[in-house]
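>>> here you go, sequence then predicted model.
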Amino acid sequence: MFYRDERLALFIDGANLYAAARALGFDIDYKLLRTEFMRRGKLLRAFYYTALLETEEYSPIRPLVDWLNYNGFAMVTKPAKEFTDSAGRRKVKGNMDIELAVDAMEMAPHVDHIVLFSGDGDFRPLVESLQRQGVRVSVVSTIRSSPPMIADELRRQCDNFIELDELREVIGRPPRGEPVQNVVTADEED
């Protein structure tokens, strides 16, 4: 439930939203996403969080990051870390949970409603804290993928769960060939 006079802020976990949309078979049109939530309330900020591979000569996510930066999104990035797992495979890790949580806590006194685009169960304590401060929290993710992309504890904690697949007609576009997001956010090395 949204109210037109509500002050809104969007917090987009880029890797998580990308994975959820990809699991559902569509890409996100971020211009349409921003327009949709401007329609639902007074959108104060739209934050987008992603880690970037600095070692690559060309990063496939760089055009998206640049476009978002020029089109009304507050970009929060940091270098991704490369490591070799126990099986000798090269892995890339770029977890942005702390940055997102800190920004949401700082934004809480200035908004009525936060929309979190992530299904990561690590955000449950953040949602609980925001609610104690009087902020309503909606979570956008999906239970329609296999496996579901939202943690059950996060879904139970939020005030409103928005099924990403139900936004497909409003904010989606057909998927392009190669994946845009190339950073794994697995917490396996924490």
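Arrived safely. Remember, it's a predicted structure, so these values are computed and weren't measured experimentally.
>>> show me what contacts Leu43?
8-10, 34, 37 (CB atoms under 8 Å, 6 or more residues apart in numbering). To be clear about C-beta, it is placed using only N, CA and C from the backbone, and glycine gets the same treatment.
>>> can you do 7 Å?
If you count contacts by CB atoms under 7 Å, 6 or more residues apart in numbering, Leu43 has them with 8, 37.
>>> hey, C-alpha coordinates of the helix or strand harbouring it in CSV?
In the assignment (DSSP states H and E), Leu43 maps to strand 42-52. C-alpha atoms of strand 42-52 as CSV (Å, rounded to 0.1, in the frame of the first residue of the first chain):
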residue,chain,number,x,y,z
LYS,A,42,7.1,11.6,-3.3
LEU,A,43,10.3,9.9,-4.4
LEU,A,44,13.2,11.6,-2.5
ARG,A,45,16.0,9.2,-3.5
ALA,A,46,16.7,6.1,-5.5
PHE,A,47,19.9,4.4,-4.4
TYR,A,48,21.6,1.7,-6.4
TYR,A,49,24.3,-0.5,-4.9
THR,A,50,26.8,-2.6,-6.8
ALA,A,51,30.4,-3.7,-6.7
LEU,A,52,32.5,-3.1,-9.8
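>>> what's the mean pLDDT across it?
The average pLDDT within strand 42-52 is 95.
>>> can you mark which positions in it are buried?
Residues 43, 45-52 are the ones in strand 42-52 that count as buried (16 or more other CB atoms under 10 Å).
>>> just checking, next helix/strand downstream of that strand?
Downstream of strand 42-52 (by DSSP H and E), the next one is helix 62-70.
>>> got the contact list for that following helix?
Applying CB under 7 Å, 6+ apart, the contact partners of helix 62-70 are 30, 48, 50, 52, 75, 77, 180.
>>> any idea which element the fifth one lies in?
So that's Met75. Per DSSP H and E: strand 74-79 holds Met75.
>>> quick one: that strand to chain centroid distance?
How far strand 74-79 lies from its chain's middle: 12 Å, per CA atoms, centre = their mean, to the nearest Å.
>>> can you name every helix or strand that it contacts?
Here strand 74-79 touches strand 42-52, helix 62-70, going by 3 or more CB pairs under 7 Å, 6 or more residues apart in numbering; DSSP states H and E.
>>> next, the buried residues of the last one.
What that stands for is helix 62-70. 64-65, 68.
>>> and if you look at stretch 105-116?
Those would be 107-108, 111-116, for stretch 105-116 by 16+ other CB under 10 Å.
>>> in strands, which of the residues you listed fall?
Among the buried residues of stretch 105-116, DSSP state E puts 113-116 in strands.
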